[in-house]
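Asks: 3D, please:
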Amino acid sequence: MKAAELRENTIEELEQRERDLTRELWKTQMDNHTNQLDDTAKIRRLRRDIARVKTILVQRRVEG
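Replies: All right, here's what the predicted structure looks like:
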């Protein structure tokens, strides 16, 4: 997910995306702890996507 794609979304859509990514991260971490996760790099990607969403949300809130 690229930052340019995220900037096109509204604040509500970004907040929903953050909730979805956080849930997915939690599930992925549980899968990793139970040795059911094959792609461990997915955790890193999810954490970075969450950080991108949060960064854009903060920028939007500061602007207006």
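Asks: tell me how many other residues surround residue 57.
Replies: 17 (other C-beta atoms under 10 Å). Glycine gets a C-beta too; all of them are placed from N, C-alpha and C.
Asks: for it, which non-adjacent residue is closest in space?
Replies: residue 14 (5.3 Å; C-beta to C-beta, 6 or more residues apart in numbering).
Asks: neighbours around that neighbour, how many?
Replies: For residue 14, the count of nearby residues is 18 (other C-beta under 10 Å).
Asks: so residue 29 makes contact with residue 43?
Replies: Yes: between residue 29 and residue 43 a contact is recorded at 6.3 Å, counting by C-beta atoms under 8 Å.
Asks: backbone dihedrals for the most centrally placed residue in the chain, please?
Replies: Most central in the chain under C-alpha atoms, centre = their mean is residue 50, positioned 2.7 Å from the mean C-alpha point. The phi/psi pair for residue 50 (degrees, to the nearest 10) reads phi -60, psi -40.
Asks: excluding chain neighbours, what is closest to it?
Replies: Closest residue to residue 50 apart from its sequence neighbours, by C-beta to C-beta, 6+ apart: residue 21 at 4.9 Å.
Asks: wait, the one you found sits on residue 43?
Replies: No: the pair residue 21 and residue 43 does not pass the contact test of C-beta under 8 Å, sitting 11.5 Å apart.
Asks: higher neighbour count, these two?
Replies: Neighbour tally, residue 21 and residue 43, criterion other C-beta under 10 Å: the higher count belongs to residue 21, 21 against 15.
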